[in-house]
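generate coordinates for the sequence data below:
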Amino acid sequence: MEALADEIEALDEILRHLGAVETGKPIGLFGGGPSRSAGVLRYYASLARTHVTEEIRVTPDIRAVGSVRSLVRRLPMGVTGAIVPYNSPMILALYKVAPALALGGTIVLKSPPQAPLD
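Numbers count the residues shown, from 1 in each chain. Here you go, the predicted model:
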């Protein structure tokens, strides 16, 4: 995800132009779309590096003296389906794709046919 963020930043001017064309906004008003998208990817990449997938919890046992140890696992639970609307599809797609990929999940993405990055 870090490498994709680097590529998005390298193609900032081209992506900004495509974004302005697809939304109908002037390029000057398009703002930091591509750089904001790269920031989303970097944020979820950092979460993926620090995410704890297993945790041992110790709770008091009310039936006996002592405690009970439980292993809690956080694992992907299947496929995520995501539909992206027409307005600003790149950033909105990354808001859905990045968390799923960061935690090891799979995603099926339906982008709008009007988007130039479709």
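
mean confidence for stretch 99-106?
Stretch 99-106 carries an average pLDDT of 89.

correction: the previous question concerned stretch 54-73.
pLDDT averaged over stretch 54-73 gives 79.

those helices in the chain, which residues are they?
Using DSSP state H, the helices of the chain run over 2-10, 12-23, 33-50, 89-102.

so Val68 touches Thr59, yeah?
Yes. Using CB atoms under 8 Å, Val68 is in contact with Thr59, at 5.4 Å. All C-beta atoms are positioned from the backbone trio N, CA, C, and that covers glycine.

which one's more surrounded, the two?
The neighbour comparison of Val68 against Thr59 (other CB atoms under 10 Å) goes to Val68, with 12 against 9.

that one and Val52: what is the separation?
20 Å (CB to CB, to the nearest Å).

show me the contacts for Asn87.
Contact analysis of Asn87 by CB atoms under 8 Å, 6 or more residues apart in numbering lists Thr23.

I should have written Met77 there, sorry.
So, once contact is read as CB under 8 Å, 6+ apart, Met77 ends up touching Gly105.

how near is it to Arg63?
Taking CB to CB as the measure, Met77 falls 31 Å from Arg63.

what's the answer for Ser88, then?
With the distance defined as CB to CB, Ser88 ends up 55 Å from Arg63.

what about the residue lying closest to Arg73 once chain neighbours are set aside, how many neighbours?
In space, and not counting its chain neighbours, Arg73 is closest to Glu54: 5.4 Å by CB to CB, 6 or more residues apart in numbering. For Glu54, the number of neighbouring residues by other CB under 10 Å comes to 9.

distance of Glu54 relative to Leu75?
With the distance defined as CB to CB, Glu54 ends up 9 Å from Leu75.

okay, which residue is most central for the protein?
Ala98 (1.8 Å; CA atoms, centre = their mean).
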